[in-house]
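# pasting a predicted model and its sequence here:
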Amino acid sequence: MTYIPKNKYKVLYTNGGTYKLSTTNKPYIGKYIKLTNGKIFAGEDPSNIIGALTPLKIQYNRNIKPGKNNDTYSTLKPNIASKQDNYIPIPSTKPIPNVLDYSKGYFNRYLSVRLNTKQYQEISQTTFNNFIKKNYNKSLNKVFQIEWSLNEDNEDHNTKTLRGLEYQLPGIFDFFPNKNQFGLKYGVVKIGEISRVYPTGEIIPKVLPAAYQTGNKQINTIDNPNVPNYEYCGNCIFNQKGNCNKWQANIKEQYWCRAYKSIHSSEQNKVISAQPQPNLTPSPQPTPKSLPQQTTTSPSRGGGY
């Protein structure tokens, strides 16, 4: 390269995520020369260049997303932006409690918060445990866990928990609009407005009515006060080996809905209809026979003398 005055170029450094050598297409790490006309060459001395450089296609991760403001910031603060973009993103997740959690009555929820924007997201327990070990941006993010009640009155409990955290974590109360989320009520867990699951995590078919819940299996025992005594799917005429003919869906034997019809009442009616019915038409009474008439015989009078 011919002689170039020092005021016509700058010597800069790249860590490998910006340019590639035109001859090899491999990312270039090291010092490079940037001319005032925009041309870029690998090396630190114009008289001894390694080769021409071309920009790499920038692969944004979720730490710095493409956008007018972020692009401007990356241009004005390239070192900070490059450092920030090298952090790995914190993955979000949507947890669902398991059977063991429901037996305990609660489960732990793990979250991360971006300190400068107060943005929250739920994360997995694995991400929470590995937060210190992995290359997450620990200066801008914080992780924590909360205990989430799963009992039937979990809304009151969770409301108190979130209000207690609001001072240290502003915005955490509004991050959970549904304070009774995952609450177990008569064998049903509501995930959203229409999504329901069993305590085992198995999805409840959407065609089953809103009143679908646990029933009462034992005679004279009320496990669910919303259901009449001794009514449950296992005792219903629509239940065919775990499939409901009424709703065309798989069901659980111990559950119940308002369409319930007792199988015993149906069998009893069949037995009654099969028995001969008594003749309730009165039989005609026999006509009484006429009694024979009695004749009275006058005594004969004696003859004359």
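Received it, and whenever you're ready, just let me know what you need.

# what segments of the stretch 1-150 of the chain are helices?
68-76, 78-86, 99-104, 125-129 (DSSP state H, counting those that start in this stretch).

# export the shortest one as CSV, just CAs?
The reference is to helix 125-129. Only the C-alpha atoms of helix 125-129 are listed here, as CSV (Å, rounded to 0.1, in the frame of the first residue of the first chain):
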residue,chain,number,x,y,z
GLN,A,125,-34.7,-23.8,38.6
THR,A,126,-31.7,-24.9,36.5
THR,A,127,-31.2,-21.4,35.1
PHE,A,128,-31.5,-20.0,38.7
ASN,A,129,-28.9,-22.5,40.1
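
# give the buried residues for it.
127, 128 (16 or more other C-beta atoms under 10 Å). Quick note: C-beta positions are derived from backbone N, CA and C, even for glycine.

# that helix packs against which elements?
Applying 3 or more C-beta pairs under 8 Å, 6 or more residues apart in numbering; DSSP states H and E, we find helix 125-129 packed against strand 106-114, strand 141-149.

# pLDDT of it, averaged?
Over the span of helix 125-129, the pLDDT mean works out to 94.

# can you tell me what sits against it?
For helix 125-129, contacts defined as C-beta atoms under 8 Å, 6 or more residues apart in numbering pick out 90, 91, 93, 108, 110, 112, 143, 145.

# please repeat the previous calculation with a cut-off of 6 Å.
The contact list for helix 125-129 (C-beta atoms under 6 Å, 6 or more residues apart in numbering) reads 110, 143.

# chain center to it, what's the gap?
20 Å (C-alpha atoms, centre = their mean, to the nearest Å).

# and the closest residue to residue 175 other than its chain neighbours, how far from residue 111?
Nearest residue to residue 175 in three dimensions, chain neighbours excluded: residue 120, at 4.6 Å (C-beta to C-beta, 6 or more residues apart in numbering). Distance of residue 120 to residue 111, given as C-beta to C-beta, to the nearest Å: 6 Å.

# same for the strand or helix carrying residue 189, what does it pack against?
Assigned by DSSP states H and E, residue 189 falls within strand 188-190. On a contact count with 3 or more C-beta pairs under 6 Å, 6 or more residues apart in numbering; DSSP states H and E, strand 188-190 meets strand 196-197.

# so for the strand it packs on, mean pLDDT?
The model assigns strand 196-197 a mean pLDDT of 87.

# hang on, the earlier thing: the strand holding residue 189 pairs with which strands, parallel or anti?
strand 184-185 (antiparallel), strand 196-197 (antiparallel) (DSSP bridges).

# closest one to residue 38 among the ones you listed?
strand 196-197 (58.9 Å; C-beta to C-beta).

# how far off centre is the closest one?
That offset, for strand 196-197, works out to 7 Å (C-alpha atoms, centre = their mean).

# next one: stretch 27-42
The mean C-alpha position of stretch 27-42 is separated from the chain mean by 52 Å, C-alpha atoms, centre = their mean.

# just the buried positions in that stretch, please.
28, 32, 33, 40, 41, 42.

# select, from those residues, the two members most distant in space.
Longest distance between any two of the buried residues of stretch 27-42 is 11.9 Å, between 28 and 33; criterion C-beta to C-beta.

# my read: the residue nearest to residue 175 touches residue 114, true?
No. Checked against C-beta atoms under 6 Å, the pair residue 120 and residue 114 is beyond contact range at 8.1 Å.

# what's the spacing between residue 112 and residue 89?
11 Å.

# what do you get for residue 234?
Distance of residue 234 to residue 89, given as C-beta to C-beta: 49 Å.

# ok, the two, which is more surrounded?
More neighbours surround residue 234 than the other of residue 234 and residue 89, with 15 against 11 (other C-beta atoms under 10 Å).

# surely the more buried one is within a helix?
Yes. According to DSSP: H, G, I helix; E, B strand; the rest coil, residue 234 belongs to a helix.

# residues contacting it?
residue 253.

# now do it against residue 32, distance only.
As for residue 234, its distance to residue 32 is 76 Å (criterion: C-beta to C-beta).

# and if you look at residue 41?
Taking C-beta to C-beta, one finds residue 41 at 6 Å from residue 32.

# cool, residue 181 as well?
Noted for residue 181: a distance of 53 Å to residue 32, by C-beta to C-beta.

# mind listing what's buried along the longest strand seen in the chain?
Counting by DSSP state E, the longest strand found in the chain is strand 9-21. Buried residues in strand 9-21, defined by neighbour count with 16+ other C-beta under 10 Å: 9, 14, 18, 19, 20, 21.

# name the residues that touch stretch 95-113?
So stretch 95-113 is contacted by 90, 120-123, 125, 128, 141-143, 145-151, 182, 184, 199-201 (C-beta under 6 Å, 6+ apart).

# which parts of it are buried?
Residues 95, 97, 101, 102, 106, 107, 109, 110, 111, 112, 113 are the ones in stretch 95-113 that count as buried (16+ other C-beta under 10 Å).
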